[in-house]
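Participant: Here's my sequence, what's the structure:
(one chain, ligands or ions: 1)
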Amino acid sequence: MRSVALPELRQHHGAQTALPWWTALDGVVYDVTGFAKRHPGGERVLRDVCGRDGTAAMVAVHPRDMAARVLSPAEVVGRLDATGITPEDVAKDPTARAAPEREEARPPLEQMLNAFDFEAVARETLSAEAWGYYSSGADDEISLRENHTAFQRVWLKPRVMVNVRAVDTTCEVLPGVSGRSALPLYISATAMGKLAHPDGEQAIVRAAHAANVVYMLPTLSSCTLEEMLAVRAPGQAVFSQLYVNADRERTREYVQRLERAGVRALFVTVDAPQLGRREKDMRNNFTSAKSDVQRGEDVRRDEGVTRAISSFIDPGLCWDDLGWLMGLSRMPLFLKGVQCAEDAVLAFRRGCRGVVLSNHGGRQLDASRSAIECLAEVMPALRAEPGYSRDRFHVYVDGGVRRGADVFKAVAMGATAVGVGRPVLYALAGYGQPGIERLVRVLRDELEMTMRLMGTPRLADASDAHVITRDLATHVTPTPRDFLAETTYEPLQTQTQRAGRKRGDVRGRL
Ligand code: FNR
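Facilitator: Residues are numbered from 1 along each chain as shown. I've put the predicted structure just below:
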């Protein structure tokens, strides 16, 4: 392979167009003019690496062998001659922080006592872009905060003098399909796992197995579907989340790949016909993220990770499509993102196997209610439906689950299980696979303690009689100040604030 130096590249591969359509990956220079059109995230997201060494940026969100797999030998220009390369010629890793900084911010894993501890560490260890993307909620983040605080409006009514020597937190998250889990909890689908950790979703698959919980694979993963599936343990159950592509043929192919691979259930996301405005993410102007799975249109790169990876989602998806979706595979079908009794009942009547009550972690419609509040409305409506039984139609909830007691409250109110999103990403960011395993263990231990103190040694013992939900729908009620959660909100930093000056200091003397 011939050696090529920067001056030659600049002359021959950037002369005709404004953008030099070449990049170097692992020392090999590729002409990406053709690939830009094929790139799943659209050609604009390639801009950051064009005309530069893109290795660090690429491996941060893609598998290392990606270039060799998606670029053909005809697209190889030569071996990069590193003479004269400056830091400006190297595209930066969007996930990177200086290593010493990361280590300093990371207490030993044993010191992580609850889900919030992982969040505090993640905030310090994640890049600004990754933190912005993961932690953000839509608009004023009202629903994001509400998801967590709503659980605090459910009070517990314990029963005493019950033999609670042995407490069993295990259950089948999807009875007859998923096998037994350590507790009624699964890891929900969250996009772009590699922003948290180089192993991305593969680490989550492995951790889910080790912790004995089910993982719902995201459509917008940063590992390929095959990579996620390849690290499953023998017999390990996984679910899949699905964004329906405007190109229905691509969705059909994708669902069939999932079914062939033995994925146990399909969760169609129905709360995202347009992605919410997540301003913390948008402010980062993040342009470097890429996702692997479904091909998108060209994208606006000034709108954060969210818009960059989601332009293919079909806003036309409606109830009439349900029959088509069910016909694509034999996997049980669930709607993820249902937010009221009327839609839950419709899903039941139309033959779904269940719903996830969710507002997408407060990332979609701001001021939408928490899943736990919706649950209180949904369960009586379903129980009034002829033919409904808890075995036939499953109701899951996600959003704001941060304690074992939250899991208990949801199950007592009728949920089959709960999903967790951010806590898993935060545990992954700080500690990789062992972090997620510890997070699940902590939540399981908290649940076990709650069950013992509640006098409900089996999950089936927990019922409406153990929870007081009358304040749930009353949104103005005194709740304790939530110090742990409040410290994660980040307001806009003005130029003056960034420079460390107070407004008064500047204007007061003018
Ligand atoms: C999500 N969620 C999500 N949901 C989905 O259906 N498809 C997706 O691609 C994503 N991506 C995603 C990314 C990130 C960074 C977050 C935080 C969330 C929503 C997710 O599945 C789940 O509904 C919420 O995360 C639950 O709320 P908590 O546990 O994060 O409070």
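Participant: For Ala5, give its distance to the ligand.
Facilitator: Per C-beta to the nearest ligand atom, to the nearest Å, Ala5 is found 41 Å from the ligand. Backbone N, C-alpha and C define where each C-beta goes, glycine included.
Participant: these two touch, right, that residue and Gly84?
Facilitator: Yes - taking contacts as C-beta atoms under 8 Å, Ala5 lies within contact range of Gly84: 7.1 Å.
Participant: ok, and for stretch 258-267, which residues are buried?
Facilitator: Residues of stretch 258-267 classed as buried: Leu258, Glu259, Ala261, Val263, Arg264, Ala265, Leu266, Phe267 (neighbour count, 16 or more other C-beta atoms under 10 Å).
Participant: Give me the most central residue, the chain.
Facilitator: Closest to where the C-alpha atoms of the chain average out (C-alpha atoms, centre = their mean) is Thr190, at 1.5 Å.
Participant: Distance check, that residue against Leu6.
Facilitator: Distance check for Thr190 against Leu6: by C-beta to C-beta, to the nearest Å, it reads 39 Å.
Participant: still on that earlier bit, could the buried residues of stretch 258-267 be laid out in JSON lines, adding pLDDT and secondary structure?
Facilitator: Output for these, formatted as JSON lines (pLDDT from 0 to 100; DSSP: H, G, I helix; E, B strand; the rest coil):
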{"residue": "Leu258", "pLDDT": "97", "secondary structure": "helix"}
{"residue": "Glu259", "pLDDT": "98", "secondary structure": "helix"}
{"residue": "Ala261", "pLDDT": "97", "secondary structure": "coil"}
{"residue": "Val263", "pLDDT": "98", "secondary structure": "coil"}
{"residue": "Arg264", "pLDDT": "98", "secondary structure": "coil"}
{"residue": "Ala265", "pLDDT": "98", "secondary structure": "strand"}
{"residue": "Leu266", "pLDDT": "98", "secondary structure": "strand"}
{"residue": "Phe267", "pLDDT": "98", "secondary structure": "strand"}
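Participant: So which residues on the stretch 201-350 of the chain come close to the ligand?
Facilitator: Neighbours of the ligand within the stretch 201-350 of the chain, by C-beta under 6 Å from any ligand atom: Pro218, Leu220, Gln241, Thr269, Lys336.
Participant: Give me the lowest-pLDDT entry from these.
Facilitator: In terms of pLDDT, the lowest of those is Leu220, showing 90.
Participant: That one is in contact with Gly193, isn't it?
Facilitator: No - under the criterion of C-beta under 8 Å, Leu220 makes no contact with Gly193, lying 9.6 Å away.
Participant: Enumerate every residue touching the nearest residue to Gly276 once chain neighbours are set aside.
Facilitator: Nearest residue to Gly276, sequence neighbours excluded (C-beta to C-beta, 6 or more residues apart in numbering): Ala138, at 3.5 Å. Going by C-beta atoms under 8 Å, 6 or more residues apart in numbering, Ala138 touches Leu144, Gly276, Arg277, Arg278, Gly362, Arg363, Gln364, Leu365, Asp366.
Participant: so what's the fifth one up against?
Facilitator: Translated: Gly362. Counting by C-beta under 8 Å, 6+ apart, Gly362 makes contact with Gly137, Ala138, Glu141, Ile142, Ser143, Leu144, Arg145, Glu146, Asn147, Ser368, Gly399, Gly400.
Participant: Tell me the most packed of the residues you listed, by neighbour count.
Facilitator: For the contacts of Gly362, the largest neighbour count, defined by other C-beta atoms under 10 Å, is 32 neighbours, found at Gly399.
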